[in-house]
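Asks: need a 3D model of the following:
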Amino acid sequence: MTTRGSAGHLLPLAPIADACARAGHEVLVAAQRQHQANVERAGLAFSPVGDPPEDEWMPLMGQFADLDFDAANALMIGSFFAGIDTRAALDDLLGIVDTWNPDIIVRESWEFASTIAAELRGIPLARVGLALMSVEELSIRLAAPAVDEIRAHRGLPADPSGDRLRDAPYLTLMPEQLDVPAGAIAPAVHRFRTAPGEAAPPLGDWWPGNVDPLVYVTFGSVAAGAHLPYFPAFYQAAIDALASLPARVLVTTGDGDPEALRPWPPNVHVERWVPQDAVAPHAAAIVCHGGYGSTLGALVHGVPLVVMPLFSSDQWANADAVGRAGAGIALTRERTRRVMAAPGPDTLDELATAVSRVLADRAYRSAAEGVADAVRALPDVDASADVLLRHARH
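Replies: Numbering: from 1, shown residues only. Predicted coordinates for the structure are as follows:
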């Protein structure tokens, strides 16, 4: 398995890695050295590849502040993921392949060094999606020029349109009901559902005697990081917007220190981490940024969403998909916002109203439950091991 290794890139790969391990296969995850803890926390064997050099990627981060989402997405995928990351990882990845001699390489869709390593060594390749199919196809078009330049340097045939990036089985946990078709994205598309988890444990007694509906607010694992501009001010603004609702509001901050948000209102409780699968069965609504894990994690439990995209184009696409499905409300009026800017006052003013609508109108819950039903109808993720085995043998 190959991945950049940050949480949003690793977690969609992890259920398939676990399925392969349960089937008796040996699984090794190659990821950037800086993300070793993420891989090991997922219980997976880790082998490091080179981190992107700071003197190459830091100047890109400086450019993002002046870009809109489309331009920033093109720069991130075309220059950072497909260029800087790939050059930094490729030699180490080839060394791992030569030492470990895998029967198949399974990549997440924004890791590209594996596409070159697999072709150089004649190893079957498969891809696990991190987004809607339309976003995946756009990513291939954006990545193809940088990957093609590295291909040429390694003596591989030209692939200016990214056809080699598409030419592998595509595995996804996204139900077709939510997905957006994107033409010939792969020779075969395989959809799975994650294995059912254990019964949700009771939450902490953070609101003694309060039986108001529970609203869970999560902006993912990295939004509160020091390299992004959202914490604590944006988190505080979201809390303030929801403070007057007749609801219990649970906020998780990830990399941000909850103490920076004190004192919080009586109906609000803040934790650094709470597993989403532990919260969702208790939640009446979930507020999120439209990340893949947050969005799909809510809908597999049939919980309606209010989505406020933050820093990535795929978050806007996921928000639109939720809105099309009727499974929540997308707060997407600021599509021309600079990529590093937090949602403005108008969007924050909409937040409480949107949450109130989702809580009051049963149609949102019904639509979210419809997506959950579509997920339950998919093959169990354990079947992914057989798909990969067949492809490796073929």
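
Asks: tell me how many other residues surround residue 53.
Replies: By other Cβ atoms under 10 Å, the residues close to residue 53 number 11. Where you see a C-beta, it was placed from the backbone N, CA and C, and this is true even at glycine.

Asks: contacting residues around it?
Replies: Residues near residue 53 by Cβ atoms under 8 Å, 6 or more residues apart in numbering: 84, 88.

Asks: could you measure it against residue 74, distance?
Replies: In this view, residue 53 and residue 74 are 21 Å apart by Cβ to Cβ, to the nearest Å.

Asks: got it, and residue 315?
Replies: Between residue 315 and residue 74 the computed distance is 16 Å (Cβ to Cβ).

Asks: which one's more surrounded, the two?
Replies: Counted by other Cβ under 10 Å, residue 315 and residue 74 do not tie: residue 315 has more neighbours, with 27 against 17.

Asks: other SSEs contacting whichever strand or helix holds that one?
Replies: Taking DSSP states H and E as the criterion, residue 315 maps to helix 313-325. On a contact count with 3 or more Cβ pairs under 8 Å, 6 or more residues apart in numbering; DSSP states H and E, helix 313-325 meets helix 69-75, helix 133-153, helix 292-299, strand 305-307, strand 328-330, helix 362-376.

Asks: give me that answer again for 7 Å
Replies: helix 69-75, helix 133-153, helix 292-299, strand 305-307, strand 328-330 (3 or more Cβ pairs under 7 Å, 6 or more residues apart in numbering; DSSP states H and E).

Asks: buried residues, that helix. List them.
Replies: Applying a neighbour-count criterion of 16 or more other Cβ atoms under 10 Å, one finds 313-323, 325 buried in helix 313-325.

Asks: likewise for stretch 355-371?
Replies: Residues of stretch 355-371 classed as buried: 355-359, 364-365, 367-371 (neighbour count, 16+ other Cβ under 10 Å).

Asks: ok, and what's touching the helix or strand of the chain with the lowest mean pLDDT?
Replies: Using mean pLDDT, DSSP states H and E, helix 54-64 stands out as the lowest-scoring helix or strand of the chain, at a mean of 87. Defining contact as Cβ atoms under 7 Å, 6 or more residues apart in numbering, one finds that helix 54-64 is touched by 72, 75, 79-80, 84, 227, 339-340.

Asks: on that earlier part again, including distance to residue 160 and pLDDT, could the buried residues of stretch 355-371 go into a markdown table?
Replies: Formatted as a markdown table, the buried residues of stretch 355-371 follow (distance: Cβ to Cβ, whole Å; pLDDT from 0 to 100):
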| residue | distance to residue 160 | pLDDT |
| --- | --- | --- |
| 355 | 46 | 98 |
| 356 | 50 | 98 |
| 357 | 47 | 98 |
| 358 | 45 | 98 |
| 359 | 50 | 98 |
| 364 | 44 | 98 |
| 365 | 47 | 98 |
| 367 | 41 | 98 |
| 368 | 41 | 98 |
| 369 | 45 | 97 |
| 370 | 41 | 96 |
| 371 | 37 | 96 |
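
Asks: separation between the residue lying closest to residue 44 once chain neighbours are set aside and residue 14?
Replies: Excluding its sequence neighbours, the residue lying closest to residue 44 (Cβ to Cβ, 6 or more residues apart in numbering) is residue 29, at 4.7 Å. Separation of residue 29 from residue 14 (Cβ to Cβ) stands at 9 Å.

Asks: more crowded one of these two?
Replies: Neighbours per residue, other Cβ under 10 Å: of residue 29 and residue 14, the larger number sits with residue 29, 24 against 21.
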